[in-house]
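# need a 3D model of the following:
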Amino acid sequence: MSDDTRVLFNADCPICNYEISHYATYSTARGLAIRFDDLNDCDLARYGVDKDAAARRLHVLHDGQVYAGIDAFLVLWRQMPRYRPLAKLVGLPIIRQLAAALYDHILAPALYSRHRRRVMRLQAADRNS
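This is a model prediction of the structure:
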């Protein structure tokens, strides 16, 4: 396991925050060297993305390389013993392609769309107050 694994996630997204909080609790309880960065309160330059790009999909920085989407999940899961079997399964060629298509074309866009609506509601509320 590397001492250089960081996860960039959107803590303002209830679904993202729930999932990543689970991973953070699991990692902390086992003393795993994984850091979790909220895109709303961190140096995004470390990941080479802006706030909008960061909100579109999960990013993981591991050993100096940035991974996004399913590749990011695979890197993260490989760092956590409980999730290594899942990483092996999802990493299989056909399953990886299907998982990437599902994440890239359905799940991530749906979460991002909810995020954008949430941001617009907050901005409208700020303008009206």
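# quick one: residue 109 from residue 4, how far?
According to CB to CB, to the nearest Å, residue 109 stands 30 Å off from residue 4. Bear in mind the C-beta positions are built from the backbone N, C-alpha and C, glycine included.
# list phi and psi for residue 24.
Main-chain dihedrals, residue 24, degrees, to the nearest 10: phi -70, psi -40.
# pull the number of nearby residues for the residue nearest to it when sequence neighbours are not counted.
Among residues not flanking residue 24 along the chain, residue 36 sits closest, at 4.7 Å (CB to CB, 6 or more residues apart in numbering). Number of residues near residue 36 (other CB atoms under 10 Å) recorded here: 18.
# enumerate every residue touching residue 36.
6-7, 9, 20, 23-24, 27 (CB atoms under 8 Å, 6 or more residues apart in numbering).
# apply 7 Å and report the result again.
Taking CB atoms under 7 Å, 6 or more residues apart in numbering, we find residue 36 in contact with 7, 9, 20, 24.
# residue 37 belongs to a strand, doesn't it?
Yes - remark: residue 37 belongs to a strand, assigned using DSSP: H, G, I helix; E, B strand; the rest coil.
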